[in-house]
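Chemist: quick check, what structure comes out for this input:
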Amino acid sequence: MISWVIPADARQPKPWRNGRGTSSWIYGTEGRDGSIGWEISIADLNQDADFSDYTGFDRIFTPLSGQVALAFDGGAFEDCPLLTPRQFRGETPTRCRVRAPGQALNVITDRSAHRGAVEVLHLADDAYVEAATGIFVVKGGLFCGRKRAGPGDTVTGRLSSLANGDTVVIRVQID
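Modeler: Next comes the predicted model:
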């Protein structure tokens, strides 16, 4: 594997485990028993909803657009600023209040086997981004070899990428 670009239009929506929303899967692996090892996906946030139970998993939720607030374990709602990752345990009852519809990048990892990390990077033209499990382009573009990734696309693989203009990316590393 050298690198490849997963285009935004290649993602297919699928219902959440609890049926209360949809996500579009970008990239992931299965565990030994066929369950999720880890996944990177985009959640559509169109209405207030409870998040699905992911007991045994860690989650990182990064709003991309819209305006949302999260409440954990029956607590008060807390605003989630755009491009600010929130990490929480998948078994924690979580409710999402949608003030303006949008989307969020989700990283879900089986904590018995993996660790996930998310970093939002604001890049100038020609800045390099170190290779990662996935680099999601929010704004601008990346070149990885001869391949170009634009907004909504994801770069995966072992090659570093070069920013094309004023660029914002979310770098996901899963170990």
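
Chemist: how is the chain divided into domains?
Modeler: 11-110, 116-174 (automatic domain parsing).

Chemist: among these, which is nearest Trp4?
Modeler: domain 116-174 (5.8 Å; CB to CB). (C-beta placed from N, C-alpha, C; glycine too.)

Chemist: report the rounded mean pLDDT for that closest one.
Modeler: In this model, domain 116-174 has a mean pLDDT of 92.

Chemist: please apply the same query to stretch 11-23.
Modeler: Rounded mean pLDDT across stretch 11-23 is 90.

Chemist: got a list of contacts for that stretch?
Modeler: 24-26, 41-47, 49-54, 106 (CB atoms under 8 Å, 6 or more residues apart in numbering).

Chemist: in strands only, show me these.
Modeler: Mapping these onto strands (DSSP state E) picks out 24-26, 41-45, 49-50, 106.

Chemist: separate out the buried members of the contacts of stretch 11-23.
Modeler: 24-26, 41-45, 49, 51-52, 54, 106 (16 or more other CB atoms under 10 Å).

Chemist: and the furthest pair within those residues?
Modeler: Most distant of those, by CB to CB, are Ile26 and Ala49, 20.4 Å apart.

Chemist: out of the buried ones among the contacts of stretch 11-23, which one sits closest to Pro85?
Modeler: After measuring the buried ones among the contacts of stretch 11-23 against Pro85 - CB to CB - the closest member comes out as Asn106, at 10.4 Å.
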